[in-house]
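**Student:** build me a model from this:
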Amino acid sequence: MSIPQSGGGPIERHEQMVGYLSSGCKPKEDWRIGTEHEKFGYCKDSLKPLPYDGERSIRAVLEGLRDRHGWSEVREGGHLIGLEKDGANVSLEPGGALELSGAPLETIHQTCDEVNEHLTEVKGIADEIGVGFIGLGAAPIWTHEQMPLMPKGRYKLMNDYMQTVGTMGTAMMRRTCTVQVNLDFGSEADMVQKMRVALALQPVATALFANSPFFEGKVNDHKSWRSLIWRNLDDARTGMLPFVFDEGFGFEAWTDYVLDVPMYFVYRDGKYINALGQSFRDFLKGELPALPGETPTLSDWADHLTTVFPEARLKKFIEMRGADGGPWRRLCALPAFWVGLTYDQTALDAAWDLVKGWDAETREGLRVAASVDGLQAEVNGVNMHELARQTLDIAEAGLKARAKPGAGGLVPDETHFLNALKESVETGMVPSDELLERYNGDWNGDLTRIYGDFSY
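**Tutor:** Presented below is the predicted three-dimensional model:
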């Protein structure tokens, strides 16, 4: 979940909100890669989720990272709720999952080094206090009541509101984890093409990274239960956004979309003020019930932009949001997949050619089918397995064209980070398929075996 934004003055004209988005445009040489991933923490003896406080707790892990590895504290209301260092931050998801929001880096070699260093640091501290961490799309056994709500004001407000819209909002908050990558754009036209490709091909990422076939101790008949949860969260702020494919889409259209999404909060003086269900358009007119007579700042607008959750999200960069959290090596595969598709123009054009003939029904159908069937999905003549093969070929060509070397020049490009995904295409099996095979095989239906066999 995003942290409070800062640095924006009063909004006096509609154009300022549009301009906030367009200010994200960067020349290609300044494009960066920001990788985020979440993982569930648990006590090794009880296999129960970590509480916030105690000897074996989220706070103990944060304190260990602070004291041993030089991270700086982020506090809210007296509680240690995150860490910062070198452009990266560690934060808490509502149910206690630990998230690394990586620094903006130039290559996937660098972002993978960052992921590896972080997980090594976390594992070193966790092992000493009897804690484990596991990368999955959804908590496989734990119930809602077992998951503690972290002490952040934003989460308390969201938790209350989620129970009034959709059916699975609180499950999303407490019992799902993802890996995502944040990418730049060079112009409005570049943003439009990338957003369309991102939304259309997000189901391929959902299928390839599907890693949540269990929920509350049972097989759930979905390869990505996390994706199902997001589909049943809140229709006002999720989905595949057909308007992005309309002629004339741009920063202005995104601004209008977000303005019509009901608010969650306003952040003032370190506190979250309840504005649940209220209108940002009313806020602009000084008529927000939560703050009568007050008008918003660009910081408020930046905060509000973080409260929409479509499959791809536009801020000053684009967030790819369709993948389940997962195994260590797939945390590097996700940025490789999207960088390959979008950071080389020839690859981006090829990706658009692949999807430009689809209608909204096909895109939404693929989103649902990917969640249920993974690579075995098929919608309106589109075969997910073949689509994934074609998409990976484009991504690989894009990474070859980037030609970003690693390991002191010994590795010529970033294509090897796709290997885990290429194996899935070759075998037809995604992580959920492997988990189900183990569950029905050597685990003999004992789902607790997942912790010992799949933790970091």
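
**Student:** contacts and neighbour counts: CA atoms only from here.
**Tutor:** Will do.

**Student:** remind me, longest strand of this protein?
**Tutor:** strand 33-43 (DSSP state E).

**Student:** got the CA coordinates for that strand in CSV?
**Tutor:** The C-alpha atoms that make up strand 33-43 are tabulated as CSV, following Å, rounded to 0.1, in the frame of the first residue of the first chain:
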residue,chain,number,x,y,z
ILE,A,33,12.5,0.2,-13.0
GLY,A,34,10.9,0.0,-9.6
THR,A,35,10.0,-3.4,-8.3
GLU,A,36,7.7,-4.1,-5.4
HIS,A,37,6.9,-7.4,-3.7
GLU,A,38,5.0,-8.5,-0.7
LYS,A,39,5.4,-11.7,1.4
PHE,A,40,3.6,-13.3,4.3
GLY,A,41,5.4,-13.6,7.7
TYR,A,42,4.6,-16.4,10.2
CYS,A,43,5.8,-17.9,13.4
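
**Student:** check the offset of it from the chain's centre.
**Tutor:** Distance, stretch centre to chain centre, for strand 33-43: 10 Å (C-alpha atoms, centre = their mean, to the nearest Å).

**Student:** mind giving me the packing neighbours of that strand?
**Tutor:** Strand 33-43 sits against strand 98-101, helix 108-129, strand 131-134, strand 178-183, helix 328-342, with contacts defined as 3 or more C-alpha pairs under 8 Å, 6 or more residues apart in numbering; DSSP states H and E.

**Student:** mind doing that once more with 10 Å?
**Tutor:** Contacts defined by 3 or more C-alpha pairs under 10 Å, 6 or more residues apart in numbering; DSSP states H and E place strand 33-43 against helix 58-69, strand 88-92, strand 98-101, helix 108-129, strand 131-134, strand 178-183, strand 318-324, helix 328-342.

**Student:** relative to Ala290, which of the ones you listed is closest?
**Tutor:** Closest of those to Ala290 is strand 88-92, at 26.4 Å (criterion: C-alpha to C-alpha).

**Student:** ok, residues contacting that closest one?
**Tutor:** 1-3, 34-39, 52, 58-59, 62, 65, 71-74, 80-84, 97-104, 114, 118, 149-152 (C-alpha atoms under 10 Å, 6 or more residues apart in numbering).

**Student:** swap in 6 Å and give it another go.
**Tutor:** 82-83, 98-103 (C-alpha atoms under 6 Å, 6 or more residues apart in numbering).

**Student:** cool, stretch 26-39 as well?
**Tutor:** 97-106, 134-135, 177-184, 186.

**Student:** can you map out the helices along the stretch 201-350 of the chain?
**Tutor:** With helices called from DSSP state H, counting those that start in this stretch, the stretch 201-350 of the chain shows them at 225-231, 251-259, 280-284, 298-305, 328-342, 345-355.

**Student:** nearest to Leu21, out of those?
**Tutor:** helix 251-259 (6.4 Å).

**Student:** with just CA atoms, put that closest one into CSV.
**Tutor:** What follows is helix 251-259, C-alpha atoms only, in CSV (Å, rounded to 0.1, in the frame of the first residue of the first chain):
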residue,chain,number,x,y,z
PHE,A,251,-4.0,12.3,-19.0
GLU,A,252,-7.2,14.3,-19.1
ALA,A,253,-9.4,11.1,-19.3
TRP,A,254,-7.5,9.5,-16.5
THR,A,255,-8.0,12.6,-14.3
ASP,A,256,-11.7,12.5,-15.0
TYR,A,257,-11.8,8.8,-14.1
VAL,A,258,-10.0,9.3,-10.8
LEU,A,259,-12.1,12.3,-9.9
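
**Student:** sorry, back to before: quick one: closest of the helices and strands packed on strand 33-43 to Met429.
**Tutor:** helix 328-342 (13.9 Å).

**Student:** what does that closest one contact?
**Tutor:** Here helix 328-342 makes contact (C-alpha under 6 Å, 6+ apart) with 112, 181, 347-348, 395, 398-399, 417-418.

**Student:** what subset of these is buried?
**Tutor:** 112, 181, 347-348, 395, 398-399, 417-418 (16 or more other C-alpha atoms under 10 Å).

**Student:** and which of these is nearest Asp442?
**Tutor:** Nearest member of those to Asp442, counting by C-alpha to C-alpha, is Leu418, at 28.5 Å.

**Student:** and the closest one, which of the three is it?
**Tutor:** helix (DSSP: H, G, I helix; E, B strand; the rest coil).

**Student:** distance check, the closest residue in space to it that isn't next to it in sequence against Gly8.
**Tutor:** Leaving aside its sequence neighbours, Leu418 sits nearest to Ala333 (C-alpha to C-alpha, 6 or more residues apart in numbering; 5.3 Å). Ala333 sits at a distance of 35 Å from Gly8 (criterion: C-alpha to C-alpha, to the nearest Å).

**Student:** next one: Asp446
**Tutor:** From Asp446 to Gly8 the distance is 52 Å (C-alpha to C-alpha).

**Student:** ditto for Ala138
**Tutor:** 36 Å.

**Student:** same thing with Leu305?
**Tutor:** Note on Leu305: its distance to Gly8, by C-alpha to C-alpha, is 13 Å.

**Student:** what about these two, which has more around it?
**Tutor:** Higher neighbour count among Leu305 and Gly8: Leu305, with 22 against 14, using other C-alpha atoms under 10 Å.

**Student:** what secondary structure does Val74 sit in?
**Tutor:** Under three-state DSSP, Val74 falls in the strand class.

**Student:** and it, bridged to which residues?
**Tutor:** Beta-bridge partners of Val74, counted by DSSP bridges, are Gly82.

**Student:** how deep is it tucked in, by neighbour count?
**Tutor:** By other C-alpha under 10 Å, 15 other residues sit near Val74.

**Student:** for it, which residues are in contact?
**Tutor:** Counted by C-alpha under 6 Å, 6+ apart, Val74 has contacts 81-83.

**Student:** would you turn those residues into JSON lines with pLDDT?
**Tutor:** Putting the contacts of Val74 into JSON lines (pLDDT from 0 to 100) gives the following:
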{"residue": "Ile81", "pLDDT": "96"}
{"residue": "Gly82", "pLDDT": "97"}
{"residue": "Leu83", "pLDDT": "98"}
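
**Student:** between these, which has the most around it?
**Tutor:** Of those, Gly82 is surrounded by the most neighbours, 23 neighbours in total, counting by other C-alpha under 10 Å.

**Student:** how close does it sit to Ile58?
**Tutor:** 10 Å.

**Student:** low-confidence stretches in the stretch 1-150 of the chain?
**Tutor:** 1-7 (pLDDT under 70).

**Student:** at 90 instead, please
**Tutor:** In the predicted model of the stretch 1-150 of the chain, residues 1-9 satisfy pLDDT under 90.

**Student:** no more questions from me, cheers.
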